[in-house]
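Asks: no sequence on this one, just coordinates:
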């Protein structure tokens, strides 16, 4: 085993990507394993203001087996070919090689990160698993600002989705904890990773 993974879970907009960048470790973006927009197996919202649209917050909207395969390859071989996903266009736009360059730790982050914790831990691949939590209102504003800046979807869709996620945030955190993640704030997660880095032989 060449490396182990630090899993970062948490509600959309909780700051997982920014925190991963601050850690200074290679990052596997689990959101790049979304299905493409034309996939007939994508789940659809059946109620609410966005009824009829794809439910991108449903676990069936991504490919966990592909994500786990990439995660395992990184741990065992130190490199893996991973997709490049364009959220604004709901599809992959290519592939790239993620190389750990000898790092004994790397980060895997995304809204479906809790789903990889148990199988990855059973395979001995996990160094730590955290669920990043902030106040629901702060998470709502951070998420909306990011999504508007990146033009991910029309503004009204983003606001409606954001309000639905705000109401569901407590359940999202509880589910992540049930699947093996420790609930911590961003600064606590960063401090724990620094301690892991200090204790990991290179």
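Replies: Arrived safely, thanks for sending. Predicted model only: the values in this text are computed from it and were never measured.
Asks: Find the nearest non-adjacent residue to the residue most central in space within the chain, please.
Replies: Geometric centre of the chain, nearest residue: residue 110, 0.4 Å, by Cα atoms, centre = their mean. Spatially, and ignoring its direct neighbours in sequence, residue 110 is nearest to residue 30 (2.9 Å; Cβ to Cβ, 6 or more residues apart in numbering). For the C-beta atoms, the positions are set from N, CA and C on the backbone; glycine is no exception.
Asks: measure that neighbour to residue 162 for me?
Replies: 21 Å (Cβ to Cβ, to the nearest Å).
Asks: So the residue nearest to residue 110 sits against residue 67, correct?
Replies: Yes - contact criterion Cβ atoms under 8 Å: residue 30 and residue 67 qualify, at 5.3 Å.
Asks: Now do the shared contacts for these two.
Replies: 108, 110, 112, 116 (Cβ atoms under 8 Å, 6 or more residues apart in numbering).
Asks: per-residue pLDDT, the residue nearest to the third one when sequence neighbours are not counted?
Replies: Setting aside the residues directly before and after it, residue 112 is nearest to residue 62 in space (Cβ to Cβ, 6+ apart), at 5.4 Å. The predicted structure scores residue 62 at 92 on the pLDDT scale.
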